[in-house]
Every structure is written in C-alpha cells, then in structure tokens.
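The sequence and its predicted three-dimensional model are supplied below.
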Amino acid sequence: MKKMIYLDNAATTRTAPEVVEAMLPYFSELYGNASTVYEFGGKSKEAVSKARETIAHAIGAKDNEIYFTAGGSESDNWALKATAEAYRDKGKHIITSKIEHHAILHTCEWLEKNGFEVTYLDVDEFGVVKLEELKKAIRPDTILISIMFANNEIGTIEPVAEIGKIAREHGVLFHTDAVQAFGQVPINVDELNIDMLSSSGHKLNGPKGIGFLYIRKGIKIRSFLHGGAQERKRRAGTENVPGIVGFGKAVELALATMQERTSREIELRDHLMNRVLKEIPFTRVNGDRTNRLPNNVNLCFQFVEGESLLIMLDMKGICGSSGSACTSGSLDPSHVLLAIGLPHEIAHGSLRLTLGADTTMEDIDYTVDAVKEIVTQLREMSPLYEDFMKRSH
Amino acid sequence: MYSEKVMDHFKNPRNVGEIENASGVGTVGNAKCGDIMRIFLDIDADGIIKDVKFKTFGCGAAVATSSMATELVKGKTIQEALQVTNKAVMEALDGLPPVKVHCSLLAEEAIHAALWDYAEKNGIKIEGLKKPVNDISEEEEEEEY
C-alpha cells in the first residue's frame, strides 16, 4: 500500500491494537452469552460489567446509568424518541440546534411529523449556540433540550455547562450528543447537569458497532428495542460482548492518554491552521479558533470545490473530508457551514482534517505542502478565480 | 465511485486554460450549486473548431466532463459540435454516478453557450442552437470575506 496519511479521525479511527487484543478472546474462547447461568457465560457477564464500570467512571456516572447500544445514531434516536414518548403528557416541545448531527436532526424531523414541535437554535459565526436564544425558546411544554457537546464538522465545543444549568433551572431534560467530544475533553455528567449522553466506540480508537447512552437515574424513558431483559430491560438483544470489552478498553486508554495526547494534537492542529492561513491566500478557518476539539481543523479555500480537493489529496495518500455538496449527495453544502453564515460557494470549498493519536508533525507539513499545491492547481482552472483576479487588477 | 476514464480525465484534464480573443466563450452553472464551467472556442473561417479550452470550478465529474467535452468538439464543425450531447459525453467517460449526471448536462450547455456567443459576435444564426438558459456570467456576484 502507498504511504497513507489518515486525517479523517472524526469519521472513524483505527481500532487500537490493545483494544483488538482485549476483544479477541471474546470471539474465540470466551464466546458465552452473558445472560446464561453457567460459569462460562458468567465470564462474558463479568467482562461486560467491567467495561460498564470503566465507562461510567469516565463520565462520573453510576454503572447502572450506562446502556450499551449499537452506536451514536441509535443512542441519539433512543434519547429523543423515547423522551418524546415518555414525556408527551408534560409537553410536546423540543429544543435543539441547527448544527446537530443528522442522527439528531432527522430524528427531530420525524418527531415533527408525529406531533412534536422542535425549535432549531441558531449559532453564531463560530458555531456556538446562543444561550439567550435558548432561554427565550424554553416554554412550559418544553420537555427536552438536545445540544451536541462538540460539533463533528467544525469542532466547536458548545457551552455545555451553561446549557445544563439553564435546563436544570427550567426543569427541562438535557441530552447531549458527545460522539465527537468523549475521549477528547473531560466530561462529568453531574457537574455539567447532563441527563442523557450519546457516545460511540469507533470515534475513540474503539470498535465500530458499539456505543452507549447514559441515562440519569430517575429518567423514565422506556425501551427502544423490545425483546430480552438485557441492559436492565431497556435495550434488548444479546450483548455485543467483544464490542463492549473493546469499548471499555478504548475508554480506559483514552482517559489515560487524554492530557498528553490532546496537548500534542493541539500543537499539531494550530501548526496546521497557522501554516495554511499564512501560506495560502483566500483561506479561512471555520469554527472557534481556540474553543475547539483538539484534533479538528476545518478550512475553506475560496474558488475551489471540495470534492476535487479530496480526490487530489487522495492521490497523494491523504484522507480528509469536505462539506461540499458533492460529498453530501445533494446540491447543498454542509448545513453546519451554512448555519455559521458561509455563502454556498465558499462552503463548497471546505476541507476537514481531523488528527489522531498517530499523527506526526511530518504528516502535517507534508499535508500542508500538498494542500498548497493542489489549491493552486485547482484555482488555475477555476473560472471563479479567473474572474476574481481580473476584477481585482 | 468514478470510472477509470473519469479519473483519468480528472487527473490529467485535457485542454485546461483560456484562449485569448476567443471566437466564443460560454459560462454555465452556478457557484451556489458548486459547479461552474467556462468553455473557450477558436473557430476558423470555415466554421471548424480549431482549438478549445476550459476552466471549471466543481467536483471530479465536473472537471472530467468538461475535459471530455472539449476533446469531443475539437477539430469538429459547428454542426458536429452541436451533436455532442450530455449522453455522448457520459458514454465517452464510461458512465457517471447518477448524482453526477447534471455535470454532463452542464458540459453540453457550456459548449452551446460558447457557440451562442460566437454566433452573436458574428451576427449569424446557428441552425438548431437555442439560447442557453444557464449562462450566469453576467449576474453572478462573487462574495468576498
């Protein structure tokens, strides 16, 4: 295989070798069903409990508040739909933001078709939810506020503590999609007044197909998947034991390495942003410059289209992503970039690079050099650039 | 996702650039939707397309269809160039993913727009050529930041 520089860690991450190693016995030797009575099955149950403990501890929750799911999207769906169902007698109003992941937005649209009312809060130019708007949006019939911990595209970290406080003061439940943030920033559900939290294993060097929903004790949401009595009767289905074990191991590693890893990523991230801004004209950074995920860089190159940029980066062995229409499968560019106020033509030229634990300074410099060369090349053939240059001369 | 032909034309686009004092220039598409194509034609006194160049802002398919369209009209007569449909461009590229079919339509439009410009400049009428609807070069304002 040719040299590859993987800078799409917000899409998914490499399963850490330690994680794979921890999982393997639960495929081959310890394959027992965790719900059985014999000792062999008990080993699986034990492993699940241990992972649950590790994860609960990581967010300051109790073991019995962690419910394993198949991933972030299921957790988001469950939190929203089950809350709507359980609290519909209290009210039918939900508040979220315009920059949520589609697992939230499309679930909200589904709820709207089913008799609920949803307020989609605006964000400022950096992608931060406006707290005054949030306060104004709360009504007597508001049952849930769902705001992401950090944005998956532009990396902006939301004022979760303030949102939690506002929700608590108004007696409204607060759910947060922490799929991108968990493992990158410290989270404590009690300190932040979080009632429900979604997470996914494969974003933090764990396996795919496993996630969890934290549900604060006392919240009366019911089962989303009906069947067996797994997960305290709230999520049926034989436990994905290898997945859960791997997730537990990944969380253990993420917590142990968080400080050292993220401070290194911040250094690389800032170096990348600074070099690009200095060396490539007509470029901007999307999202908050400092209050952002340690591994996230999101840029817009004027007069250039994102998909072309991605294919050319791929030819140089670099994996990245873009919010251009062509990569979203529709004619509209990313809803997040539009929500922060970018015009369509600039949003089409976005590039997201998300670093990982293995990213080196050499990778970053190679990437900046490649981006510089490609952007120049694409601008050479861009009629928008031609017009712009003629106009400015 | 793309055929080898599409990738080849994207990686090594043919006829990129501009023609000074071109016989006809056509710009179609919309920056809002993420595709703009501009085609320059050099047409001689016998009505043969002697040279053709393009500039494109857009995805891989947009670049590849522009490149292929220029190849297909180069050295042809105006009437032959009019026969270069989006279908012909797609076939020559061994197909496009369904979401990218509009790129090939844009390529056809761009050639028509350039021919229209040529006809207007020379005060002639080209049999079978309709005024292109997609020409946005006049009204589209770029936004700066």
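Sure thing, it's come through. Residues are numbered from 1 along each chain as shown, chains lettered A, B, ... in the order given.

Residue 13: neighbour count?
This is for chain A. By other Cβ atoms under 10 Å in any protein chain shown, the residues close to residue A:13 number 23. To be clear about C-beta, it is placed using only N, CA and C from the backbone, and glycine gets the same treatment.

actually it's chain B I care about, not the one you picked
Neighbour count of residue B:13, defined by other Cβ under 10 Å: 19.

how about it, phi and psi?
Reported as degrees, to the nearest 10, the phi and psi values for residue B:13 are phi -60, psi 140.

And the spatially closest residue to residue A:366 that is not a sequence neighbour, how close does it get to chain B?
Counting by Cβ to Cβ, 6 or more residues apart in numbering or on different chains, residue A:366 lies nearest to residue A:5, which is 6.5 Å off, once chain neighbours are set aside. When distance is defined by Cβ to the nearest Cβ, to the nearest Å, residue A:5 is 19 Å away from chain B.

Wait, residue A:5 touches residue A:353, no?
No. In this structure, residue A:5 is not within contact of residue A:353 by Cβ atoms under 8 Å, at 9.4 Å.

Now list whatever residues contact both of the two.
residue A:367 (Cβ atoms under 8 Å, 6 or more residues apart in numbering or on different chains).

More neighbours: which of these two?
Neighbours per residue, other Cβ under 10 Å: of residue A:5 and residue A:353, the larger number sits with residue A:353, 29 against 21.

measure that one to residue A:185 for me?
19 Å (Cβ to Cβ, to the nearest Å).

now do residue A:333
As judged by Cβ to Cβ, residue A:333 and residue A:185 stand 27 Å apart.

Those two: which has the busier surroundings?
Between residue A:333 and residue A:185, counting by other Cβ under 10 Å, residue A:333 is the more crowded of the two (30 against 16).

Contacts only, for that one.
Per Cβ under 8 Å, 6+ apart, neighbours of residue A:333: A:306, A:323-325, A:342, A:344, A:347-348, A:350, B:34.

Show me which of the residues you listed has the smallest pLDDT value.
Ranked by pLDDT, these bottom out at residue A:325 (66).

list the contacts for the residue nearest to residue A:366?
Counting by Cβ under 8 Å, 6+ apart, the residues that residue A:5 touches are A:317-319, A:359, A:363, A:366-367.

May I see the PyMOL selection of the buried members of the residues you listed?
In PyMOL, a selection of the buried entries from the contacts of residue A:5 looks like this (16 or more other Cβ atoms under 10 Å in any protein chain shown):
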select buried, chain A and resi 318+319+359+363+366+367
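
Keep only those of the contacts of residue A:5 that are in helices.
Residues from the contacts of residue A:5 lying in helices, with DSSP state H as the criterion: A:363, A:366-367.

which one among those residues gets closest to residue A:278?
Ranked by distance to residue A:278 (Cβ to Cβ), those are led by residue A:367 at 14.8 Å.

Hmm, residue A:353 and the closest one touching each other?
Yes. In terms of Cβ under 8 Å, residue A:367 counts as a neighbour of residue A:353; the distance is 6.8 Å.

Quick check: neighbours shared by those two?
Overlap of the contact sets of residue A:367 and residue A:353 (by Cβ under 8 Å, 6+ apart) consists of A:7, A:272.

Could you tell me which ranges of the chain sit under the pLDDT cut-off?
This is for chain A. A:1-2, A:325-331 (pLDDT under 70).

think we crossed wires, I meant chain B
B:134-145.

same thing but 80
B:31-33, B:133-145 (pLDDT under 80).

Which parts of it are strands?
With strands called from DSSP state E, chain B shows them at B:24-30, B:35-43, B:49-57.

winner for burial among those strands?
Stretch with highest mean neighbour count among these: strand B:35-43 (a mean of 26; mean count of other Cβ atoms under 10 Å in any protein chain shown).

Which elements pack onto the longest helix along chain B?
In chain B, taking DSSP H as the definition, the longest helix is helix B:101-122. Helices and strands touching helix B:101-122, by 3 or more Cβ pairs under 8 Å, 6 or more residues apart in numbering or on different chains; DSSP states H and E, are strand B:24-30, strand B:35-43, helix B:60-73, helix B:78-82, helix B:86-92.

change it to 6 Å
strand B:24-30, strand B:35-43, helix B:60-73, helix B:86-92 (3 or more Cβ pairs under 6 Å, 6 or more residues apart in numbering or on different chains; DSSP states H and E).

Provide the strand pairings for the second one, with the direction of each partner.
What it means is strand B:35-43. The strands beside strand B:35-43 in its sheet (DSSP bridges) come out as strand B:24-30 (antiparallel), strand B:49-57 (antiparallel).

Make a markdown table from these and add distance to residue A:90 to it.
Shown next, in a markdown table, are these (distance: least, Cβ to Cβ, whole Å):
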| stretch | distance to residue A:90 |
| --- | --- |
| strand B:24-30 | 46 |
| strand B:49-57 | 51 |
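
Quick one, which of these gets closest to residue A:291.
strand B:49-57 (32.4 Å).

Alright, that wraps it up for me.
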